[in-house]
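# task: produce atomic coordinates for the following.
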Amino acid sequence: MFAIVGILLVFGAVIGGFLMEKGHLAVLVQPAEFLIIVGAGLGTLLIANPMHIVKGILAGAMGVFSKSHYGKERYLSSLKMMFELLNKVRRAGMLSIEMDIEKPEESVIFNAYPEFIHDHHVRSFVCDTMRMAVTGGVEPFDMDQMMGLDMEVQHRCANQPISALTSVADSLPGLGIVAAVLGVVITMGALGGPPEAIGHKVAAALVGTFLGILLCYGLVGPIGSYMGKEAEEEHAFLYALRVLMTSFIKGNAPVQSVEMARRAIPMHVRPTFEEVEAACHGPQASEAAAEQKIV
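Coordinates of the predicted model:
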């Protein structure tokens, strides 16, 4: 929602200021300049990147227009899900969750949390880690190192589309200059004609530079920046799950592991202790915890 408002504000401010100075809006409508800049930009994108990165750019750009996938509610539901899973381990042993992690789509616990089922990165991260814990024979330190390696690879892959889009954004002002130079070439060929026609061709050439700079700093660049923040949010989410699972593998109780994970959540989306208690144990436990704090 805010992305749409921001885009409207950028283009509205630019066009509004142009109209305030008695500019004619029709002068800015130059399909040939737009074709040169956008077409060449897309071409450089296809030349420089394999298809999976192009698909990542399209998916990330679409995500700009939706709300974040890692808000407070997502963290609360994930902590509750992990608490239920680890409590099952505490009651019936590690082998009791073998079917849950082998076939998460058929798990009673996981199916109560559709966001987890549909997020294959997070699902694989949790299930693969717990599968190693069920197998046994791996030290907690090595498990933590394994999760760290997994996070590093995922973070690197998530940043590849961002770097590619940023490179395209950086090229847009240069492509705008290319369009402007072509416009000047056409203008030079029209010398000796009516002054109005020459002025129109000069204006069209300058619009090319204008479009390249505007698309770079007003649209494509900010979209790349937003995608980078989304990648950081995913990394922070995986880190909280890593802290939780590492704590449990080291021998801590589920409630202690959940609290350690809560402390690893970024402040702007971190649920309170009472909210986590209410999610995991019910409202009565949250009220009891609040009363203990008061005492």
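# can you give me the helices in the stretch 1-150 of the chain?
2-20, 31-48, 51-63, 72-92, 98-102, 108-111, 114-118, 120-135, 140-189 (DSSP state H, counting those that start in this stretch).
# buried ones in the strand or helix carrying residue 201?
For residue 201, the element it lies in under DSSP states H and E is helix 195-215. Buried residues in helix 195-215, counting neighbours by 16 or more other CB atoms under 10 Å, are found at 201-212, 214-215. C-beta coordinates here come from the backbone N, C-alpha and C atoms, glycine included.
# over to stretch 49-60?
49, 53-54, 56-57, 60.
# so residue 246 sits right up against residue 147, yeah?
Yes - between residue 246 and residue 147 there is a contact at 7.1 Å, judged by CB atoms under 8 Å.
# can you tell me how far residue 266 sits from residue 240?
Residue 266 sits at a distance of 9 Å from residue 240 (criterion: CB to CB, to the nearest Å).
# these two: which is more packed in?
Higher neighbour count among residue 266 and residue 240: residue 240, with 23 against 14, using other CB atoms under 10 Å.
# so who does that one touch?
By CB atoms under 8 Å, 6 or more residues apart in numbering, the residues touching residue 240 are 75, 78, 261-262, 264-265.
# how about a cut-off of 10 Å?
70, 75, 78-79, 82, 260-266, 269-270 (CB atoms under 10 Å, 6 or more residues apart in numbering).
# mark which of the residues you listed are buried, thanks.
Among those, those buried by neighbour count (16+ other CB under 10 Å) are 70, 75, 78-79, 82, 260-262, 264-265, 269-270.
# of those residues, which one scores lowest on pLDDT?
Least confident entry in these, by pLDDT: residue 70, with 91.
# pretty sure it is touching residue 270, no?
No - using CB atoms under 10 Å, residue 70 makes no contact with residue 270, being 11.6 Å away.
# centre-most residue in the chain?
The chain has residue 230 as the residue nearest its centroid, 2.5 Å off, counting by CA atoms, centre = their mean.
# quick check: residue 37 touching residue 172?
Yes - using CB under 10 Å, residue 37 is in contact with residue 172, at 6.5 Å.
# when those two are compared, which one has more neighbours?
A side-by-side neighbour count of residue 37 and residue 172, using other CB under 10 Å, places residue 37 first with 29 against 24.
# what about the residue lying closest to the more buried one once chain neighbours are set aside, neighbour count?
Nearest residue to residue 37, sequence neighbours excluded (CB to CB, 6 or more residues apart in numbering): residue 175, at 4.8 Å. Look at residue 175: counted by other CB under 10 Å, it has 25 neighbours.
# now do the contacts for residue 175.
Going by CB under 10 Å, 6+ apart, residue 175 touches 33, 36-41, 43-44, 168, 208-209, 211-212, 215-216.
# so residue 125 touches residue 235, yeah?
No - when contacts are counted by CB under 10 Å, residue 125 is not listed as touching residue 235 (11.3 Å).
# common neighbours of these two, please.
Contacts common to residue 125 and residue 235, judged by CB under 10 Å, 6+ apart, are 151, 154.
# between those two, who's got more neighbours?
Each of residue 125 and residue 235 has its neighbours counted (other CB under 10 Å); residue 125 has more, 20 against 16.
# list the residues that contact the more buried one.
By CB under 10 Å, 6+ apart, the contact set of residue 125 is 119, 147, 150-151, 154, 237-238, 241-242, 245.
# of those - the most surrounded one?
Counting neighbours by other CB under 10 Å, residue 245 leads these with 25 neighbours.
# related to what we said a few turns ago, what is the most widely separated pair among the contacts of residue 175?
43 and 209 (19.2 Å; CB to CB).
# by contact count, what packs against the host helix or strand of residue 274?
Using DSSP H and E, the element containing residue 274 is helix 273-281. In terms of contacts (3 or more CB pairs under 10 Å, 6 or more residues apart in numbering; DSSP states H and E), helix 273-281 is packed against helix 72-92, helix 254-263, helix 283-294.
# closest to residue 108 out of those?
helix 72-92 (9.5 Å).
# tell me the angle of the closest one relative to helix 254-263?
Relative orientation of helix 72-92 and helix 254-263, computed by axes from the mean of the first three to the mean of the last three CA atoms, to 10 degrees: 160 degrees.
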